[in-house]
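Undergrad: Could you look at this predicted model? Sequence included:
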Amino acid sequence: MRVLQTSVPRPGAPNEDFVLSSHTAVVVLDGAGMAPGIATGCGHGVAWYVEQLGARLHAAAVRGEAPLADCLAEAIGSTADAHRDTCAVDDPFSPSATVAVARVRAGLFEWLVLGDCTLVLEKGGKVTAVTDDRLAHVAAEARQALAATAPDSEERRRAHQILVRQERGLRNTPGGYWVAAADPQAAHHALTGSEPATDIQRAALLTDGAARLVTTFHTTDWNGLLDLLTHHGPQAAIHTIRETECSDPHLNRWPRSKKHDDATIAHLHL
């Protein structure tokens, strides 16, 4: 497997996405940013967390000895243990991440998605996308209230804090949503699957900031996004995302929680 990858932070901020690949496995993570004014319970920060979790997950995946959910559970547990003595790792506001993983092993293309990262697959000429959208179905009223506020306003900052507090109260709970944080059991709530590797024509792993051309701006579909990656590469795709974001600086045409987001793409060639 050959992987072309690009990860670009939103302007003026550290990158809270992460990507790491080898010839057998690729991992993409999207760290959950925190609303200003809310303490995380962790002195390391989101970027540190995704780097630690991503590296441990990739190491477990390339060993090829366990299902991907078990690899993720191992990585979550060891990352939590790495800062349990100094940080409140079980606090609902501690760092967390959404995850997408792909691995080629024994002739199979194996995948895992936890949270709103996306796996895009072309099989038999048909393109499908897999994402875990459980977060989008919680705290609906708070989400609508945030969308109704003006960008860069104090009202929007307060609404964002309210939304984050409500969401985090439902993190890794039955009836809520599941992400990688400190509880290894969350890994076993991930979406998983496998296909014969020879059946896969094209594939990509995306953070939600990189999926915006399809999910937010609706300027293409998943097949069109794979075409863009095939002919022009991940950097060109993210450049197009940034141009589109900048064309709507006040979030009027395409309502969204923030003007820019970290964007990460891993384009897989099997």
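TA: Yep, that arrived.
Undergrad: show me where the chain has helices.
TA: Assigned by DSSP state H, the chain shows helices spanning 46-63, 68-83, 140-147, 154-168, 212-215, 222-232, 234-246.
Undergrad: and the third one, which residues are buried?
TA: Pointing back at helix 140-147 there. Judged by neighbour count (16 or more other Cβ atoms under 10 Å), helix 140-147 contains these buried residues: 142-143, 145-146. Bear in mind the C-beta positions are built from the backbone N, C-alpha and C, glycine included.
Undergrad: and those residues as CSV, adding pLDDT?
TA: Output for the buried residues of helix 140-147, formatted as CSV (pLDDT from 0 to 100):
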residue, pLDDT
142, 87
143, 86
145, 89
146, 86
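Undergrad: so can I have CSV of the helices of the chain showing distance to residue 119?
TA: As requested, those are arranged in CSV below (distance: least, Cβ to Cβ, whole Å):
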stretch, distance to residue 119
helix 46-63, 14
helix 68-83, 12
helix 140-147, 24
helix 154-168, 23
helix 212-215, 13
helix 222-232, 10
helix 234-246, 15
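Undergrad: Those helices: which one's closest to residue 268?
TA: Of all these, helix 222-232 sits nearest to residue 268, with 9.6 Å by Cβ to Cβ.
Undergrad: Check which helices and strands that closest one sits against.
TA: When contacts are defined as 3 or more Cβ pairs under 8 Å, 6 or more residues apart in numbering; DSSP states H and E, helix 222-232 packs onto strand 118-123, strand 126-131, strand 200-206, helix 212-215, helix 234-246, strand 263-269.
Undergrad: redo that, cut-off 6 Å
TA: Counting contacts by 3 or more Cβ pairs under 6 Å, 6 or more residues apart in numbering; DSSP states H and E, helix 222-232 packs against strand 126-131, helix 212-215.
Undergrad: Deepest-packed of the ones you listed, please.
TA: Ranked by mean neighbour count under mean count of other Cβ atoms under 10 Å, the helices and strands packed on helix 222-232 are led by helix 212-215, which reaches a mean of 20.
Undergrad: Give me the contacts around that helix.
TA: Where contact means Cβ atoms under 6 Å, 6 or more residues apart in numbering, the residues beyond helix 212-215 that reach it are 219-220, 222, 225, 241.
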